[in-house]
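# Predicted structure and sequence below. I'll ask about it afterward.
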Amino acid sequence: MKRWGRRALRLLAVLFIFINIVTAFHAYKFTHFYNAGEVTIKPDSLKSGWDRTKEALFGINFSKKKNDYVPDTSFQKVTLVTQDSLHLAAWYIPTSGTPKGTVALFHGHGGNKSGVAKEAAAFRQMGYHTLLVDFRAHGNSEGNTCTIGVDEAEDVKLAYEYVAKSGEKNIVLWGISLGAASITKAIHDYDLKPNKVILEMPFASLHDAVEGRVKLMHLPAQPLASLLTFWGGTLHGFWAFSNKPYLFAKKITCPVLLQWGANDPRVKRSETEAVFANLPTAKKMVVYENSGHESLYKKETDKWMANVNAFLQ
């Protein structure tokens, strides 16, 4: 019996080590984007059994998503430099009308500034200059590591400071998903004082965000979500469990518009309500009944325009 007990313990130890190795690989791939040309992704129809096994064991290699849009109006290319000397790419696009202020826009995980071009155009239509930023490791910005809002908070700070140094007195921060979460952390960490903030689908905590992604893969949420969260932070030198936008929200001192899609498979309503409950100032929460984890502007344009326009008045 003792011999069988020792074998069982060894088997459990090997299984524990194996699971941690696999989740560490997946956590690395989720937080790493390769430069264009470094990754060849085969269509599913061309993947061999070994290709699929490698993806299951070691995760999928993702390339930086190229910006596939060029502003159709006059714009200025802007470079922001981080503390660790990464160069971030941004576009400053002025409104053609009488300016009411400037909106800085921040995209989601795996996206880029092209992906929020429609929202930026809508803000310019409302009379606002816009600054569209590629987060580090995204689009045309340098770097390959995405920390899911931890270091990206500095990217938000740099954009805010760029707008503030221009003499702008009415600064609005808008972000979707990762962008929204990064805004909450930037305000918390750097004591930013924007005039208004629009948050769309921020996760309540990084652990919640990982759990949502695991569920989309039809895998058991636990213990995978906790292991992925742990390794995602450990591999990049931070404690991932402390990244909690719902707590960071307590430091926001300006009016906030919080928006969420009722069919969102990644961010739960309870997460959205937790963020909303901790906002200490004037606030409004809008639920988009026909939208998921996607551009609310593109999905329900009229509703988005009405709510955002009213909020900015």
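Right, received. Where do you want to start? None of the values given here were measured: they were computed from a predicted structure. Numbers count the residues shown, from 1 in each chain.

# what's in contact with stretch 296-309?
The contact list for stretch 296-309, computed with Cβ atoms under 8 Å, 6 or more residues apart in numbering, reads 118-119, 122-123, 126, 198, 200-201, 257, 259, 261, 284, 286, 288, 290-292. No exception for glycine: its C-beta is placed from N, CA and C like everyone else's.

# Alpha carbons of that stretch, as PDB, please.
Output of stretch 296-309 as PDB, limited to C-alpha atoms (Å, rounded to 0.1, in the frame of the first residue of the first chain):
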ATOM      1  CA  LEU A 296     -20.700  49.200 -29.400                       C
ATOM      2  CA  TYR A 297     -20.500  52.100 -31.900                       C
ATOM      3  CA  LYS A 298     -20.500  49.700 -34.900                       C
ATOM      4  CA  LYS A 299     -23.100  47.400 -33.500                       C
ATOM      5  CA  GLU A 300     -25.600  49.900 -32.200                       C
ATOM      6  CA  THR A 301     -24.500  53.200 -33.700                       C
ATOM      7  CA  ASP A 302     -27.600  55.300 -33.000                       C
ATOM      8  CA  LYS A 303     -27.700  54.300 -29.300                       C
ATOM      9  CA  TRP A 304     -24.000  54.900 -28.900                       C
ATOM     10  CA  MET A 305     -24.100  58.300 -30.500                       C
ATOM     11  CA  ALA A 306     -27.100  59.400 -28.400                       C
ATOM     12  CA  ASN A 307     -25.600  58.300 -25.100                       C
ATOM     13  CA  VAL A 308     -22.000  59.500 -25.800                       C
ATOM     14  CA  ASN A 309     -23.200  62.900 -27.200                       C
END
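
# got the contact list for the residue nearest to Gly59 when sequence neighbours are not counted?
Sequence neighbours aside, Lys29 is the residue nearest to Gly59 in space, at 3.2 Å (criterion: Cβ to Cβ, 6 or more residues apart in numbering). Taking Cβ under 8 Å, 6+ apart, we find Lys29 in contact with Phe58, Gly59, Ile60, Asn61, Phe62.

# nearest to Ala89, of those?
Comparing the contacts of Lys29 against Ala89 with Cβ to Cβ picks out Phe62 as the nearest, at 18.4 Å.

# what about Gly175, distance to Glu152?
Counting by Cβ to Cβ, to the nearest Å, the gap from Gly175 to Glu152 is 10 Å.

# for the helix or strand that Arg6 is a member of, which positions count as buried?
When elements are assigned from DSSP states H and E, Arg6 belongs to helix 2-30. Neighbour counts over helix 2-30 (16 or more other Cβ atoms under 10 Å) mark Val22, Thr23, Ala24, Phe25, His26, Ala27, Tyr28, Lys29, Phe30 as buried.
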